[in-house]
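Colleague: need coordinates for the following:
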Amino acid sequence: MLQQRIILFGTGALFSVAVLDHLIAHELKPAALVLPGFAPSIPEGLGDTRVDTGVDVNPFVRASKRLSIPLIYLPESSQASEAPNIASVKADFILVACWPYLLGTRIVSAVGKAALNLHPSLLPDYRGANPVNTQIDCCEQNLGVSLHLLSQVFDQGDIVGQAGLEFGTRIPGRESIEAEAARVGTGLFLQAIRNFGNPEWRPRSQCP
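Modeller: Modelled structure (predicted):
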């Protein structure tokens, strides 16, 4: 069992949830989950009562309750004020798996070792917010996943690890690609945190 504290940033979309599931399967329960945006408001007069929205509840919210993992909401405009909450987790690593905006230096530096992003393409190809659909539209056959350091430019941080995705003769759809990228990418992350501080930790610059 890896003795590392990590914070998982995600939207609760399929890719984020699949990464969380694989981390749990490898006995690496995040010390906190982070969602973009503001926490849901509580209607006046209900006090501490929470409104049950059933199946509409974000999967990260359900996972937080089921697994007893603290949940942090991080609106883009509140990064500076929320950075102490991230730092208070005393995590070693941030892992981002699907996130809608650039994380600033206050957040990135709030952990002890490194802040990393999983991107479902072989960077520098298919940077951007929707790489899986773009690859499908381009009939890309060289599918893969990249683990890279966060930087102040989207998807351009130094590469920590990359791996291809194998589907045999079948043509995968979006969900299959995201699920396999999450599985393989989580493996890259687990290997990376084992290697941190050792000669095997050798992030490399991306091609322009």
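
Colleague: elements contacting the top helix by length along the chain?
Modeller: In the chain, with assignment by DSSP state H, the single longest helix is helix 174-195. Counting contacts by 3 or more C-beta pairs under 8 Å, 6 or more residues apart in numbering; DSSP states H and E, helix 174-195 packs against helix 14-25, strand 93-97, strand 114-119, helix 131-137, strand 144-149, strand 159-164. (Glycine included, C-beta is placed from N, CA and C.)

Colleague: could I get those as TSV with mean pLDDT and distance to residue 200?
Modeller: Converted to TSV, the helices and strands packed on helix 174-195 look like this (pLDDT from 0 to 100; distance: least, C-beta to C-beta, whole Å):
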stretch	mean pLDDT	distance to residue 200
helix 14-25	97	21
strand 93-97	98	16
strand 114-119	98	14
helix 131-137	94	27
strand 144-149	98	13
strand 159-164	97	10
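
Colleague: closest one to residue 177 among those?
Modeller: helix 131-137 (5.1 Å; C-beta to C-beta).

Colleague: tell me what the closest one is packed against?
Modeller: helix 174-195.

Colleague: about what we covered before: run the angle between the longest helix of the chain and strand 159-164 for me.
Modeller: Here helix 174-195 runs at an angle of 140 degrees relative to strand 159-164 (axes from the mean of the first three to the mean of the last three C-alpha atoms, to 10 degrees).

Colleague: may I see the buried residues of helix 174-195?
Modeller: 177-190, 192-193 (16 or more other C-beta atoms under 10 Å).

Colleague: for stretch 124-132, same thing?
Modeller: For stretch 124-132, by 16+ other C-beta under 10 Å, it's 125, 126, 127, 131, 132.

Colleague: out of these, which comes closest to residue 105?
Modeller: residue 127 (20.3 Å).

Colleague: so which helix or strand takes in the closest one?
Modeller: According to DSSP states H and E, residue 127 maps onto no helix or strand at all.

Colleague: tell me how far it lies from residue 133.
Modeller: 14 Å (C-beta to C-beta, to the nearest Å).

Colleague: would you reformat the helices and strands packed on helix 174-195 as TSV and include distance to residue 73?
Modeller: Formatted as TSV, the helices and strands packed on helix 174-195 follow (distance: least, C-beta to C-beta, whole Å):
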stretch	distance to residue 73
helix 14-25	15
strand 93-97	15
strand 114-119	18
helix 131-137	26
strand 144-149	24
strand 159-164	27
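
Colleague: in TSV, list the buried residues of stretch 124-132 along with distance to residue 169.
Modeller: Shown next, in TSV, are these (distance: C-beta to C-beta, whole Å):
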residue	distance to residue 169
125	23
126	23
127	29
131	23
132	20
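
Colleague: quick check, nearest of the residues you listed to residue 17?
Modeller: residue 132 (14.9 Å).

Colleague: which of the three states applies to the residue nearest to residue 146 when sequence neighbours are not counted?
Modeller: Distances taken as C-beta to C-beta, 6 or more residues apart in numbering place residue 123 nearest to residue 146, at 4.3 Å, with adjacent residues excluded. Three-state assignment for residue 123 (DSSP: H, G, I helix; E, B strand; the rest coil): coil.
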